[in-house]
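Q: Compute the structure for the input listed below.
(one chain, ligands or ions: 1)
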Amino acid sequence: MAGPTLAALSDGVYGSELDRRISEATAFLRERLSAHPELASPRIAAVLGSGLGGVVELLDPEPRVAIPYREIPNVPGAAVEGHAGQLVAGRIHGMPALILSGRAHPYEGYSHREATLLLRAVLALGPSTVVVTNAAGGLNPEYEPGDVMLITDHLNLSGDNPLLGPNLDRFGERFPALIDAYDPALRRAALGASERTRIALRQGVYVMLSGPSYETRAEMRMLRGLGADAVGMSTAHETIVARHAGVDVLGFSLITNKATDDVEAGATHEEVIEMGALGAGRLVTLLGDLLPRLG
Ligand code: HPA
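A: Sure, this is the predicted structure:
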């Protein structure tokens with residue numbers, strides 16, 4: 001049988017095989033949540049970046065169901081420091097929500113299709129909103145470590161796309177639009193939460209690169225010139241699968257380091273974790289105000 005020959009699809013995980021793997025993961029999640037019918041149909045799914053595990057504490061204490069990624073069929077684990085690698089189902093002020101605490105990154109060697117497999121399994125449970133979060137370097141010279149940025153748009157310069165290969169029609173159409181991918185109404189709601197909580201929000205464009213190396217000075221200048229405010233190694237692929245499925249997306253970046261070409265030294269992973277913790281507290285406060293209003 002003549003199949004695709006794109007190098008990006010050489011992992012074999014595309015089309016009906018990808019669909020089968022997603023379905024198996026969804027079936028497993030349905031089964032695990034079946035003991036808690038009130039959690040089975042999440043309204044919101046949130047993907048947590050480095051150091052954002054505290055968002056889980058926004059869930060009502062009961063009921064909560066934690067499922068380690070390694071138990072979910074076909075889902076790559078999340079082994080990077082600062083990533084818990086578990087899915088937590090619960091309710092936020094009574095509204096069912098699923099939190100993906102940790103994510104598999106393309107820089108670990110996963111294709112965008114594999115790296116979004118769990119999110120797509122979750123999308124099949126029918127949430128209307130996905131909240132994506134990440135740690136990012138600040139390309140905008142006004143940004144300081146600890147700032148929180150509301151993502152207004154993205155540049156996917158990672159060299160991959162989760163929708164490559166045969167389209168999975170049950171999720172969405174072949175050529176999804178990405179205009180206003182970060183939902184304007186949700187962004188307005190986030191700005192309202194920012195006012196109420198007095199947690200300042202930057203607003204800017206996120207650029208996704210593959211990593212894992214951080215940017216050269218020339219790359220920082222280029223990315224800034226292209227119109228990006230923050231740079232990281234995740235998120236755009238998740239936004240793409242969510243928008244493909246017609247689900248509204250809201251995104252936040254924690255600025256963990258400056259990524260301007262006049263920085264003295266480049267970012268270190270330790271710095272990213274440490275400064276991520278500073279912004280994470282702010283973002284958790286903001287989400288604590290915002291998420292209950294999204295139901
Ligand atoms: N570049 C890319 N990814 C990142 C950075 C950065 O400076 N900081 C946190 N994630």
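Q: Now the longest helix along the chain - C-alpha only, PDB.
A: When the chain is parsed with DSSP state H, its longest helix is helix 269-290. What follows is helix 269-290, C-alpha atoms only, in PDB (Å, rounded to 0.1, in the frame of the first residue of the first chain):
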ATOM      1  CA  HIS A 269      17.100  24.900  33.400                       C
ATOM      2  CA  GLU A 270      17.600  25.600  37.200                       C
ATOM      3  CA  GLU A 271      16.800  29.300  36.500                       C
ATOM      4  CA  VAL A 272      13.700  28.300  34.500                       C
ATOM      5  CA  ILE A 273      12.400  26.100  37.400                       C
ATOM      6  CA  GLU A 274      13.200  28.800  40.000                       C
ATOM      7  CA  MET A 275      11.700  31.800  38.300                       C
ATOM      8  CA  GLY A 276       8.800  29.600  37.100                       C
ATOM      9  CA  ALA A 277       7.900  29.100  40.700                       C
ATOM     10  CA  LEU A 278       7.600  32.900  41.200                       C
ATOM     11  CA  GLY A 279       5.300  33.400  38.300                       C
ATOM     12  CA  ALA A 280       3.400  30.200  39.000                       C
ATOM     13  CA  GLY A 281       2.100  31.500  42.300                       C
ATOM     14  CA  ARG A 282       0.700  34.500  40.500                       C
ATOM     15  CA  LEU A 283      -0.900  32.500  37.700                       C
ATOM     16  CA  VAL A 284      -2.500  30.100  40.200                       C
ATOM     17  CA  THR A 285      -4.100  33.100  42.000                       C
ATOM     18  CA  LEU A 286      -5.400  34.400  38.700                       C
ATOM     19  CA  LEU A 287      -6.700  31.100  37.500                       C
ATOM     20  CA  GLY A 288      -8.400  30.600  40.900                       C
ATOM     21  CA  ASP A 289     -10.500  33.700  40.100                       C
ATOM     22  CA  LEU A 290     -10.900  33.000  36.400                       C
END
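Q: Give me the contacts around it.
A: The set of residues external to helix 269-290 that reach it, using Cβ atoms under 8 Å, 6 or more residues apart in numbering, is 46, 49-52, 54-55, 57-58, 81-82, 131, 133, 135, 145-148, 189-190, 192-194, 196-197, 199, 201, 252, 254-257. Where C-beta positions appear, they are placed from N, C-alpha and C, glycine not excepted.
Q: Flag every buried residue along that helix.
A: Neighbour counts over helix 269-290 (16 or more other Cβ atoms under 10 Å) mark 272-273, 275-290 as buried.
Q: Show me which residues of this protein sit near the ligand.
A: Taking Cβ under 6 Å from any ligand atom as the criterion, the chain approaches the ligand at residues 135-137, 211, 214-215, 231-233, 256-257, 259, 267, 272.
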